[in-house]
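Peer 1: Predicted model, plus sequence, below.
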Amino acid sequence: MHVHNYEKLWLGASLLLIVGFISTIVYGAAGAGVTMVNDEGGHVNPNNLGNTSGFDDPGVTKIGPSEYEVHVAALRFAFQPGTIEVPANSTVTFYVTSRDVIHGFQIVGTNANTMVIPGEVSKITVNFDEPGEYGIVCHEYCGAGHHSMAAELLVKEPSNFTMQTDTQTPTSGNGPTNATATPTGGESA
Ligand SMILES: [Cu+2]
């Protein structure tokens, strides 16, 4: 069978493309560590987040020498908490869920990017090696205020980092405000 030279050229070029496409996927999965968010984070009742461990007081929890957990609740049109602080050189696992409708959660400039579905907990682990500031945005249209739905992540120099143990202000406190911060289980480095 005679195959024309041009035909050989195109066959070769298309095979090369296919190999190229497959290599980008293999590189993304094996080299860059790109993975899909699965249902490992578990399920919650979106109407009862106030009584759900972690989401009853969203924020940062220290779980190891340089490991942190962050619970984030998305709602129209904000993230709770609105400011997240973690130290650099840490591994941070985000647990994100929604109080109302489908939202998105993207830490801009990282590969942390997931849909946030009521009833589901999206779990993403990110390593932060350097101090920096990241925007967090909702990238699933969720209503009239969607464009303003954002939060910020501050990766601090470890020497400047102190755990914020309680960012919630009591709504019905009596007496003078007790402004003394009492870190629970906080150790100074
Ligand atoms: Cu949104």
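Peer 2: Thanks, I have the structure now.
Peer 1: Now Pro65, what are its backbone angles?
Peer 2: The phi/psi pair for Pro65 (degrees, to the nearest 10) reads phi -50, psi -40.
Peer 1: Alongside the ion, which residues does this structure contribute?
Peer 2: Listed as neighbours of the ion in the chain under the rule CB under 5 Å from the ion: His103, Cys138, Cys142, His146, Met149. For the C-beta atoms, the positions are set from N, CA and C on the backbone; glycine is no exception.
Peer 1: Spatially central residue in the chain, please.
Peer 2: By CA atoms, centre = their mean, the mean C-alpha position of the chain lies nearest to Phe94, the distance being 4.8 Å.
Peer 1: What is the three-state secondary structure of that residue?
Peer 2: strand (DSSP: H, G, I helix; E, B strand; the rest coil).
Peer 1: Mind listing what's buried along stretch 50-60?
Peer 2: Neighbour counts over stretch 50-60 (16 or more other CB atoms under 10 Å) mark Gly54, Phe55, Pro58, Gly59, Val60 as buried.
Peer 1: With just CA atoms, put it into CSV.
Peer 2: In CSV, the C-alpha atoms belonging to stretch 50-60 read as follows (Å, rounded to 0.1, in the frame of the first residue of the first chain):
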residue,chain,number,x,y,z
GLY,A,50,-25.2,26.2,63.6
ASN,A,51,-25.1,22.8,65.3
THR,A,52,-22.6,21.2,63.0
SER,A,53,-19.1,20.8,64.4
GLY,A,54,-16.7,23.1,62.6
PHE,A,55,-19.4,25.1,60.9
ASP,A,56,-21.0,26.3,64.1
ASP,A,57,-17.9,28.6,64.5
PRO,A,58,-16.3,28.9,61.1
GLY,A,59,-12.6,29.7,61.1
VAL,A,60,-9.1,28.4,61.6
